[in-house]
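Chemist: fold the following.
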Amino acid sequence: MSTLDPAAAPPQINGDGSWLFAGRIVRWIDGDTCVVDCLIDLGFSEMATRRRTIRLLGVNTPEKNDKDPAKRARAAAATEYVNELAPVGAVVDVFVVGYDKYGGRDDGRIESLTHGDIARKLVEAGLGVPYDGGAR
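Modeler: Alright, predicted model coming up:
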């Protein structure tokens with residue numbers, strides 16, 4: 001189980017090639033992007049946190065600055081939903097797979113310790129659509 005306690009296990013690489021970090025939600029930018037503080041192993045038993053922006057893999061939610069008011073409303077609903085699943089300060093597992101094709105963000109999964117995979121929950125709730133990284 002993840003915690004941000006320095007006694008926690010350091011980040012590890014998983015069989016799927018992702019890196020697993022203990023994280024804490026800093027804020028949700030929108031329904032499919034968040035900022036997290038990740039516990040990083042600096043070596044020699046020294047741990048620190050690094051702030052990362054994570055673009056959720058497997059889901060796309062409406063953009064909050066869309067010209068269409070209905071899409072903006074759905075974007076707000078998606079952001080509200082992820083805030084309920086993993087509110088600011090919540091401890092989460094962060095699985096980083098790589099870098100976002102638009103730059104500045106990591107591609108990955110966020111798993112709530114109580115609710116599981118956030119991207120999957122968005123799709124199940126009808127607040128996001130499955131997305132494989134191709135053209136939207």
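
Chemist: list the contacts of Ala76.
Modeler: Applying CB atoms under 8 Å, 6 or more residues apart in numbering to Ala76 gives the contacts Lys64. (Glycine included, C-beta is placed from N, CA and C.)

Chemist: wait, doesn't Lys121 sit right on Leu85?
Modeler: Yes. The criterion here is CB atoms under 8 Å, and Lys121 meets it with Leu85 at 5.9 Å.

Chemist: which residues do those two both contact?
Modeler: His115.

Chemist: and Glu46, how many neighbours?
Modeler: By other CB atoms under 10 Å, the residues close to Glu46 number 9.

Chemist: ok, what's across the strand from it?
Modeler: Gly43 (DSSP bridges).

Chemist: quick check: bridge partners of the residue nearest the centre of the chain?
Modeler: Centroid-nearest residue in the chain: Ile110, 3.9 Å away (criterion: CA atoms, centre = their mean). When bridges are called by DSSP bridges, Ile110 pairs up with Val94.

Chemist: okay, it and Lys67: tell me how far apart.
Modeler: Here Ile110 is placed at a distance of 28 Å from Lys67 (CB to CB, to the nearest Å).

Chemist: sounds good, over and out.
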